[in-house]
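Visitor: coordinates only, sequence not included:
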């Protein structure tokens, strides 16, 4: 069985040496729920053995029972939330992975994607390894187990120096917690402290919820080992130029988080301001696609002087499945989430701010919905450049052929989504919004220039870029 | 067993003569989910008998299975969502109620509260009626069943002329749907059309979701009977001066709904503007308590010229239960829902806009959270007058003794919530925001002047106003 | 909506003034599980109010959680198990029913069937009663509620003197428990004592499980009122000649129970002995259809001298649903429960003992299965007379047209089930097995002579005797 | 983490090349449910990949949904039922195990226990293997994966020649099914045919249910490979003297199964007859502990001439958990399953037949229960010799110290269980009942003479024989 394409997103959290380790990990995962809503799990250590609870479902549901925490004893714990769009949405693929190997037990939680996973898997299997999941994370544990090095740090270096790609990792053994961020630093990972206990989390919002103090971000290529004696930092991995993912700012991270040296909300507002500078338009109101578009819409409104309004109301009770009626309801898929405020939109020239356009179908439905609500003009403004290339470093994006901007000009897209005008933030504008002090963000989704190369076998994922058909125009 | 105090909120929806009646009712309820998140139910009619599915839980969960709709056949259906804070959160109290009586079967969905329920219940029991639920709704069906009148309309008039209070009602028989709004018109109820099918809903947002056309609001005291022959309007109830609930505008209704002749979002923005006129303050930013405080905060910002920011981020993944850690996490209850954006608040003089203060404990936690995030000053502005009296007409409010403004001056409240300044919208300001053309809104929660009197026995609910202790100050 | 035909079976249990009332009621119901496997419920009284927990499912599942008993406080409780073959298998029909009426709260658990239910229901509705279930039990509560009598006993007499049929009833109010058995005494009901607490149960096996002492059976027409002051016996109902249901001995009751003055196991063995006397045959082994046929097969073997063997093994893990394969598996429905022991049956002349033949389809499958296992001859012996008439007094039997013996001669049945010979126990033989001291058992299912007449409207149930088609011969 | 002690029992089933493979596997598992009630799973092959569904729970519950079979496509499938008394009752340990390795995918279902598992695990880990379960089954897959042999058969030989112990194995790859029985043939395994499809099952009763024809037992040391081309038999394992488990006859297998060349029911009857010859007693009735004691009780009755009666009735509705009342109910644990028939036992001298005595506590409760029901004398007869040694080959038995006969004389046991007399079947008697043609059955549980030796490390399990305390006498 081939490893899955990396159509998944994740969040990780760990805490060491705290009497309520599992409970706090649960809260940490809850704060990171936006990074993965499909499954979650926690592994705790009681000092001599590891304990796990994992399941499909939201954090508040999977851990919504005091009894579960009795089965997760101990003073250290790591946790994971995960979203996957592929068939691999099955219980065996829920993280953290927990295994026995020659040195004892180890659990690992992984956020990211390894681009040479298949090549290493084939090699490991040739030497007799068996694989019980379809996650690239399992490869890491096999590499650890087959490493001949003596210290845990050396085994980790050995293993990670063989893998390429994007990863933030949390390891938990009976007596240690290890946090690693890949040399490119694609995904965010930060270090905090709650009393004397160290905490590691994908985003700082998880520290906030448990009142932990933010210490610093873990650096690209850094490994941190935490034991009862304290914390030690290492740089065991081959150096690389850091290329943090700019899309974390555009869409993925929570606005109240501090990542890559910035607050997300403020970066997004600045993107909106820059967007206004680049794509001014004569209009009556600026409205966001809630919730993600709000900060950039506020920035656009501020810079342009056009009043900000909530022209679309979001319904937050959306369940897992939705029984669609047979009859045609206009823009149905969008309506389940968004409803226009007719009185706000009627006879108005409306600027709509969104973070990105993927397939174009949703944007098209939203523009029509706004127009049906009475808007005279609809001007779409996107707070990032056209997304023309899939991500191979841990963000769920469709294949290239499904990305409308990979094969259409901006004007074609405008026509398709039936907007009066359409403006994307320029690449330079995006970078200046994020801050020019760090110009090496990964922007592969806009440029196709992937900072970590794929192995020969890695051509495969490129090929399937074109295997799926473009969605039919309605 | 005494009937419960009216600690509940509800939404109702019905559609007549549509091939996908149950499915559309499910969508309608989904759009009304904010009016009741605890239980829901649908009763359909296939022309000769009624069918029910009811359960505790959210609409998307209870009806998240295509099979359920097979058990709800027919071209007409009514549905109900409900929230209750009392022990009556049990399956037997889930609506719609469906019964057999001398004329066949009838189902009823009820939004509101009957203030002379106990007196009528005692009377009905004296004549031999038995009660299987603790809902006042059951009384209505008993009255219908014991009425000697011949036509359904007359039986409904007979029955409803005996009850006092707030109610919007939807009845479904094998062949008819009846919608009634009480003479005071406390709760909203509107009429729409989907193709040739009539639709009735608590709020217009439910019409929007299914693409139904908004026709008009059902008037106070009006009863509408819908059959295969069409719709007929009656005014069978004793006249009264309409007193729609002003709190629907303040807090309860969805901003995209049109109720009592107005769009909720626009009314709320105007409240914010008026609040700014009444309680200006020298400050750096205006932030809302999301989501309900957003429109008035936008109004406040617009009028005052102080920039609007999202200083608090809401987590929308909150589950039913939440396992709290033992250790003290500051402002925990609030943190589960809200997290401050430190970089936005730091060193700022902050105006926080909320719709109301109930017990004061949450406001206190929020103020402290904002201050902990670095705010220099915190100015709380409330887009309604002090809520000093409980509601007996269908909005869940605590007993009087728990309402902080019933026993504390505004300055005492300010001190308790630790705000630098505190300003409530004046009653006149609220009325002018809603529109002076209709000055007779029910404002009992602010004034204690209840437009529909309680029967002698009705003193009882007043007495329990003081039975509970004020929450201890932290 | 018409009341359902009485296609249901039930068991009831109650205990008064015991600190573990709910828990013991749960155990009592568990011992009565064979009387109804579809739903169950318990209502407890804490002296001032009643509490209920009811659900679809087996007793051990519905109450398999310590928490549930916290919601059933108090020293008295009644419970109910129920089986229904009709569409009424829904939560609203789960007993005990619990209602409020003019005198307070009352719960009722009912085993039996009221034959004039529809006529009384129509009458009650004419006076304004509403019905929320499709169970005849609800009628009893309405009659209680509409009675003008002052004492509970008088209200019960009033009410029960109006109903006809078979019933054992347990009422629970805040402070009293009442047990009533109909004047014909169709169903069993016994009284026991656990310490100083009175216990009432459908069968004595429920007393055994909780170590309660068997006191005596409750007599036909007797009502027993139990309060904190003790127990009082009354005979408030119109006298009748007792006609206990002989089918309880044949099939329904548990063999370890003592009912109608006899132990069931011993009566069944005697039926087997009598069957051997009436229908001797030259054969090698006698085998039962387990589990119900075992005692009569033992009796048959004993009397005939033919060795008893377990030729069919029962699988006790049968679940609620069973996914049948598409391909033809011979005698599939039967195989899920029974498997032949080939080595026991091969080349043998086999006597198979069963308690009754209903449609004949199962017997046919069993005979073929035995023959396929190598039996040379198959002689079917039935420990009761042909069942040609449906039961209207609380045992689930199909309509008359489905009862094979209502329209076929014994030889036709023999041919249909493909047996070499077929012998039914004679009516006289059955009576002599049960004991001649009581010759007035209800044997309507064999004779069509119903001891309690149906009202005019009661013709209805007769009419539907022929509405269903005979099952097609395979 | 150490591998678990072998406290588990299992059943396996497989079918190759049948259009309804998964559905038939489900039926097969259902017939083998008595071999493991805790969890179950099925893996199917569609020719190019494997599909799994596994869960805690009974077969009829886990697979009680037609939809599940859609997720198990293909013409071949293997399944597993499992019971475990240790903490390893967790989802990750549910079989079949399914993995990827260098040759593709493979699934394995295992009944038995590997005695040198820990030693091999340590070795495998030293070479870099990781373990995700605590089941010895996982070792087998690792050995397969690390084997350098080219053919599947050679890899299997390689692997199995390294393990010692008891095992029946079913392997499923994309295109092949392999069945293996260990050289000692501890556990039963048989081969059948359904049309042209081969079927393999732990017991023949599973073939019966699906109408498959019994072909023969798979021989000790035999491996059978089934492909689309047909079946081939091999003997790739080191020869050993077969020592099938005699306890399968005594207790574990179903009476309608044919194993080790015999029908279980007939062997059990003969044990009863032999028991009568060895331990005759003057008594009035012979009663079995149902269900397992019935055949030997029939044999005892036949040989002794004492009448057989059902003196104890079994309740078959026992659920997973049972909420015990606080108050003392005599013999509670036993009462939940068994109730005496007082009228059968009263004033009788009773011979009670059981298959074995483990801790003695249950026997003690049963004897007392029978005496409380009025028996004058209670003579306990056990249809096997004293069980003094734990099983290490796949039957769940407690540690030695808990086995009452490991430390007590027969007379001490008799006193403890309060019987008038106690007689065990002699070892010779047991062997003669089973048939003298095969004298080499494993009888280690009676003799302590283990036919397959433990490795040095295997001392460990011996040590823990005494780590638990004897149950306190009541």
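Guide: Alright, I've got the coordinates. Computed from a prediction, not measured in an experiment: that's the story for all the values here.
Visitor: So which bits of stretch A:57-77 are buried?
Guide: Neighbour-count burial for stretch A:57-77 flags A:57-60, A:62-64, A:68-69, A:72, A:74-77 (criterion: 16 or more other C-beta atoms under 10 Å in any protein chain shown). (C-beta placed from N, C-alpha, C; glycine too.)
Visitor: Span of that stretch from start to end?
Guide: One end of stretch A:57-77 sits 19 Å from the other (C-alpha to C-alpha, to the nearest Å).
Visitor: I'd like the mean pLDDT over that stretch, please.
Guide: The average pLDDT within stretch A:57-77 is 91.
Visitor: what's the distance between it and the middle of its chain?
Guide: With C-alpha atoms, centre = their mean, to the nearest Å as the basis, stretch A:57-77 stands 23 Å off its chain's centre.
Visitor: hmm, it in reach of chain D?
Guide: No. Residues of stretch A:57-77 are not located near chain D by C-beta under 8 Å from any C-beta of the partner chain, the shortest gap being 9.6 Å.
Visitor: what does the lengthiest helix in chain A contact?
Guide: Ranked by residue count and defined by DSSP state H, the top helix of chain A is helix A:264-278. The contact list for helix A:264-278, computed with C-beta atoms under 8 Å, 6 or more residues apart in numbering or on different chains, reads A:248-250, A:253-258, A:295-304, A:353, A:381-384, A:423, A:425-426, A:429-430, A:432-435, B:310, B:313, B:341, B:343-344.
Visitor: Past that helix, which element shows up next along the chain?
Guide: Remark: after helix A:264-278, the chain's next helix or strand is strand A:285-288, criterion DSSP states H and E.
Visitor: Tell me which helix or strand comes right after that next one.
Guide: helix A:294-304.
Visitor: now the angle between helix A:264-278 and that following helix, please.
Guide: 40 degrees (axes from the mean of the first three to the mean of the last three C-alpha atoms, to 10 degrees).
Visitor: Just list what helix A:294-304 packs against, helices and strands only.
Guide: helix A:264-278, strand A:285-288, strand A:349-354 (3 or more C-beta pairs under 8 Å, 6 or more residues apart in numbering or on different chains; DSSP states H and E).
Visitor: Would you reformat the ones you listed as a markdown table and include mean pLDDT?
Guide: Listed next are those as a markdown table, based on pLDDT from 0 to 100:
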| stretch | mean pLDDT |
| --- | --- |
| helix A:264-278 | 98 |
| strand A:285-288 | 98 |
| strand A:349-354 | 98 |
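Visitor: Output those as TSV; include the columns distance to residue D:113.
Guide: Converted to TSV, the helices and strands packed on helix A:294-304 look like this (distance: least, C-beta to C-beta, whole Å):
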stretch	distance to residue D:113
helix A:264-278	55
strand A:285-288	63
strand A:349-354	60
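Visitor: and the longest strand along chain A, which strands flank it?
Guide: Scanning chain A for the strand with the most residues, using DSSP state E, yields strand A:104-114. If you go by DSSP bridges, strand A:104-114 pairs up with strand A:97-101 (antiparallel), strand A:165-173 (antiparallel).
Visitor: closest to residue B:198 out of those strands?
Guide: Smallest distance to residue B:198 across the strands paired with strand A:104-114 (C-beta to C-beta): 55.6 Å, for strand A:165-173.
Visitor: buried stuff in the closest one?
Guide: For strand A:165-173, by 16+ other C-beta under 10 Å, it's A:165-173.
Visitor: what ranges do the strands span in the stretch 1-150 of chain A?
Guide: For the stretch 1-150 of chain A, the strands defined by DSSP state E, counting those that start in this stretch cover A:8-16, A:39-45, A:50-56, A:76-84, A:97-101, A:104-114.
Visitor: would you turn those into JSON lines with distance to residue B:377?
Guide: JSON lines is the format used below for the strands of the stretch 1-150 of chain A (distance: least, C-beta to C-beta, whole Å):
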{"stretch": "strand A:8-16", "distance to residue B:377": "34"}
{"stretch": "strand A:39-45", "distance to residue B:377": "40"}
{"stretch": "strand A:50-56", "distance to residue B:377": "45"}
{"stretch": "strand A:76-84", "distance to residue B:377": "37"}
{"stretch": "strand A:97-101", "distance to residue B:377": "49"}
{"stretch": "strand A:104-114", "distance to residue B:377": "39"}
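Visitor: Which of those sits closest to residue C:121?
Guide: Of all the strands of the stretch 1-150 of chain A, it is strand A:50-56 that lies closest to residue C:121, at 47.8 Å by C-beta to C-beta.
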